[in-house]
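J.: sequence and predicted structure, then a few things I'm wondering about:
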Amino acid sequence: GVHQRFVKESEEDKNVAGVCEMLTYGLKGLCAYADHAMLGHVEDQRIYEFVHEALAFLVAPERRDLGAALQMCLKAGEVNALVMQ
């Protein structure tokens, strides 16, 4: 994927890149659900705040920490559940 192109050859870097890729796809789905909800005049500021937080994470040095990347993916799942309510 896209993130894989920017990593070194180590297995750990590939794992982190894979998790960041998963976060990217999670954000894509989250935004699609949020857009659909907005058509029904339903919005939640927490969704937009998380999207900004996650995008900032993907360009920050902390993205290289596997634990932090997994935590962000878990949070994306929580926010996805919020969007689908």
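T.: It's in. Numbers count the residues shown, from 1 in each chain.
J.: so how far is Val19 from Leu70?
T.: 6 Å (C-beta to C-beta, to the nearest Å). Glycine gets a C-beta too; all of them are placed from N, C-alpha and C.
J.: what helix or strand is the spatially most central residue of the chain on?
T.: Centroid-nearest residue in the chain: Leu23, 3.2 Å away (criterion: C-alpha atoms, centre = their mean). Per DSSP states H and E: Leu23 is located in helix 11-39.
J.: which residues touch whichever helix or strand comes after that helix?
T.: Beyond helix 11-39 on the C-terminal side, the first helix or strand identified by DSSP H and E is helix 45-59. With C-beta atoms under 8 Å, 6 or more residues apart in numbering as the test, helix 45-59 has contacts from 20, 23-24, 27, 30-31, 34, 63, 68-69, 72, 75-76, 79, 82-83.
J.: can you say which of these are buried?
T.: Neighbour counting by 16 or more other C-beta atoms under 10 Å classes 20, 23-24, 27, 30, 34, 63, 69, 72, 75-76, 79, 83 among the contacts of helix 45-59 as buried.
J.: one step back: packing partners for the helix holding Leu23?
T.: helix 45-59, helix 66-83 (3 or more C-beta pairs under 8 Å, 6 or more residues apart in numbering; DSSP states H and E).
J.: how about low-confidence regions in this structure?
T.: Along the chain, segments meeting pLDDT under 70 span 1-9.
J.: many thanks, we can stop here.
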